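# sequence first, predicted coordinates after that:
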Amino acid sequence: MENVRTNNFVPIIRALWVEQKNRELLYLEALKKDSMGSFRRLLSQGHVSAVLFQKEIRSIYDYFKCFLTDKELSETNQIASLASLQLLENAKAPSEVAACLRKLEGTTLQHYKALRTYMDRELEACRILDEHLNRIAEFYEVLSKLEGNSRQTISYTAAA
C-alpha cells in the first residue's frame, strides 16, 4: 500500500471515477435522444456499466485513500463533463453520438491503463480494473464500428 500512496494513486483513481461519472451522464443523455433506434441497447449497457464501475472504483478508492487528506469522491468538480455534454447535445445522428462516446471511452481507457501500472500487489483491485478495461475496450470497438459504418454509407452515397 505504501507503493500505491507514493505514486499518487489516489488522484488517478479519483480522475477515473470522474470519467465514469461522465460516462454515466453521457450515456444517459444519449438514451434521451429520439433517433437512436437499435443503438439504444448499447447505450443502456454503457450507462449501467458506468454506474456499476463507479461503485467498484469507489470501493477501491475508499480502501486506499487517506481519511485526513483525501476528499470524498462526491466532492469532485464536474465542469469537464459539461463540454462533452454539449457536444453530445449537438449530435443528431447515431454515428455522431457514437463518435462522441468513442472519444469518451478512449479517454477512459487511457485512465485505466495509467492506473493499472500502479496496481502491482493488490490482486483483487487488479482483477476489477482488468474487467473494466476489457469491457470498456469492447464498447470502444463497437462505437468505432458504428461510427465507421456511417462514414462508409455516407461516402458510398456521395460516390453514387
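It's in. Numbering: from 1, shown residues only.

# going forward, measure contacts and count neighbours with C-alpha atoms only.
Will do.

# go ahead and confirm P94 touches K33.
No. Using Cα atoms under 8 Å, P94 is not in contact with K33, being 9.3 Å away.

# what about those two, which has more around it?
Ranked by neighbour count (other Cα atoms under 10 Å), P94 and K33 place P94 first, with 22 against 17.

# my guess is L88 contacts A98. True?
No. In this structure L88 lies outside contact range of A98 using Cα under 8 Å: 9.3 Å.

# what about the protein, any weak spots by pLDDT?
1-7, 66-83, 121, 149-160 (pLDDT under 70).

# any chance you could map the helices in it?
Assigned by DSSP state H, the helices in the chain fall at 2-6, 9-31, 40-64, 79-90, 94-116, 123-159.

# among these, which is the most enclosed?
Across those, averaging neighbours per residue (mean count of other Cα atoms under 10 Å) puts helix 9-31 on top, at a mean of 21.

# other residues contacting it?
With Cα atoms under 8 Å, 6 or more residues apart in numbering as the test, helix 9-31 has contacts from 36, 40, 43-44, 46-48, 50-51, 53-54, 57-58, 61, 64-65, 70, 73, 76, 78, 81, 84-85, 88-89, 97, 101, 104-105, 107-108, 111-112, 114-115, 118.

# 6 Å instead, please
Identification of contacts with helix 9-31 by Cα atoms under 6 Å, 6 or more residues apart in numbering yields 43, 47, 50, 54, 81, 108, 111.
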